[in-house]
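**Q** turn this into a structure:
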Amino acid sequence: MAVKLYKPTSPGRRIQSVTDYSVLEKNHKTPKKLVVYKARPAGRNNSGKITVRHQGGGFRRKVRVVDFNRADKKGIPAKVMTIEYDPTRTCFISLVSYKDGEKRYILTPQGLKVGQQVVYGDMAEILPGNRLMLKSIPVGTFVNDVELIPGQGGKLARSAGGYCILQNTEAGYAMLKLPSGEIRKVRETCAASIGQLANADWMNVRIGKAGRMRLMGWRPTVRGKVMNPVDHPHGGGEGHNPIGLKYPKTPWGKHALGVRTRKKKKYSNPMIVNRRAK
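**A** Residues are numbered from 1 along each chain as shown. Predicted coordinates:
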């Protein structure tokens, strides 16, 4: 996948870029049962209070139902019908048709093409799109959509360009290097899909103008230092000054920017061999 540039017909157009979608299927029909209309909470919790700021508005998006498990289709080959854009995720998705006639969406790895066959099974080949247990995958293989609990469905490495590296398998556990750099143990009976996910150039896209951010559901963000003291701890002062504090704070006075929020006694701590870089 590539990033597409436009002629600089305006100041916003000059610096913006988009993902090149010419490789995707254009004339396809999405099965109705694989599309769900989901309300967007706009950063509000079940009480209606804003818990995440700067969210709201945006273009209405239909949620595609993606199969992260495939366990009930074990051993049944499926043919890739399309490679499509999904408005609710950064990675591309593929519509696959099983031999029994059922159609489902899966995440698209790099190298997967329309017409190929994918299968979930311990005897499957090490090819992009196939799914196996970690104990059946060679060391050094790139994997995506990795389970944390056997049969739960994929949880790790599901965004555009994401992958984990299988480093070792011993004593019932597989050692994975995650996209963050963290090295973590996962049970070897957990399933994973082969390959690196498509649309890796997504991270190089430049938004270019505020209007695109609004269509994505992001509202304007105002710096704390340009507010009044009553509105933010960074506020106040004449002219352009530093925040006047030893460390940055949130609007509610708590430490911000770089503060670790993970619980010190989290249940999964024994599974982490090396934490990600600070």
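
**Q** quick one: the closest residue to W202 other than its chain neighbours and G224, what's the gap?
**A** Once flanking residues are discounted, W202 sits nearest to A160: 4.0 Å by C-beta to C-beta, 6 or more residues apart in numbering. For every residue, glycine as well, the C-beta is placed using N, CA and C. Distance of A160 to G224, computed by C-beta to C-beta, to the nearest Å: 31 Å.

**Q** do you know the pLDDT at the residue most central in space within the chain?
**A** Of all residues in the chain, the one closest to the mean position by C-alpha atoms, centre = their mean is S159, 2.8 Å from it. On the pLDDT scale, S159 is placed at 94.

**Q** same check on N274?
**A** 88.

**Q** wait, what's in contact with the residue lying closest to it once chain neighbours are set aside?
**A** Distances taken as C-beta to C-beta, 6+ apart put I183 closest to N274, at 4.2 Å, once the chain neighbours are dropped. Counting by C-beta atoms under 8 Å, 6 or more residues apart in numbering, I183 makes contact with Q167, M175, L176, K177, I272, V273, N274.

**Q** residues touching the closest residue to A124 other than its chain neighbours, list them.
**A** Closest residue to A124 apart from its sequence neighbours, by C-beta to C-beta, 6+ apart: N130 at 4.2 Å. Counting by C-beta under 8 Å, 6+ apart, N130 touches V118, V119, Y120, A124, S193, I194.

**Q** show me the protein divided up by domain.
**A** The chain breaks down into these domains under automatic domain parsing: 3-203, 223-278.

**Q** how much space between L197 and V66?
**A** 12 Å.

**Q** higher neighbour count, the two?
**A** Using other C-beta atoms under 10 Å, the more surrounded residue of L197 and V66 is L197, with 27 against 21.

**Q** wait, M216 sits on G56?
**A** No - using C-beta atoms under 8 Å, M216 makes no contact with G56, being 11.1 Å away.

**Q** can you show me the strands along the stretch 101-250 of the chain?
**A** Taking DSSP state E, counting those that start in this stretch, the strands of the stretch 101-250 of the chain run over residues 103-107, 117-118, 131-133, 142-144, 146-147, 154-156, 164-170, 173-177, 183-187, 191-194.

**Q** highest average neighbour count across those?
**A** strand 191-194 (a mean of 26; mean count of other C-beta atoms under 10 Å).

**Q** contacts for it, please.
**A** Residues contacting strand 191-194 (C-beta under 8 Å, 6+ apart): 69-71, 106-107, 109, 120, 126-134, 137, 141-147, 150, 154, 164, 166.

**Q** hang on, the earlier thing: name whatever forms a beta bridge with the residue nearest to N274.
**A** Under the criterion DSSP bridges, I183 forms beta bridges with K177, N274.

**Q** for it, give me the pLDDT.
**A** In this model, I183 is scored at 93, pLDDT.

**Q** shouldn't D72 be within a helix?
**A** Yes - under DSSP: H, G, I helix; E, B strand; the rest coil, D72 falls within a helix.

**Q** what's the separation between it and G154?
**A** In terms of C-beta to C-beta, D72 sits 15 Å off from G154.

**Q** what do you get for R104?
**A** In terms of C-beta to C-beta, R104 sits 13 Å off from G154.

**Q** just give the number of residues close to G121.
**A** What G121 shows, counting by other C-beta under 10 Å, is a neighbour count of 17.

**Q** for the closest residue to it other than its chain neighbours, grab phi and psi.
**A** Counting by C-beta to C-beta, 6+ apart, G121 lies nearest to G75, which is 4.8 Å off, once chain neighbours are set aside. When read as degrees, to the nearest 10, the backbone of G75 gives phi 80, psi 0.

**Q** who's in contact with G75?
**A** V119, Y120, G121.

**Q** brilliant, that's me finished.
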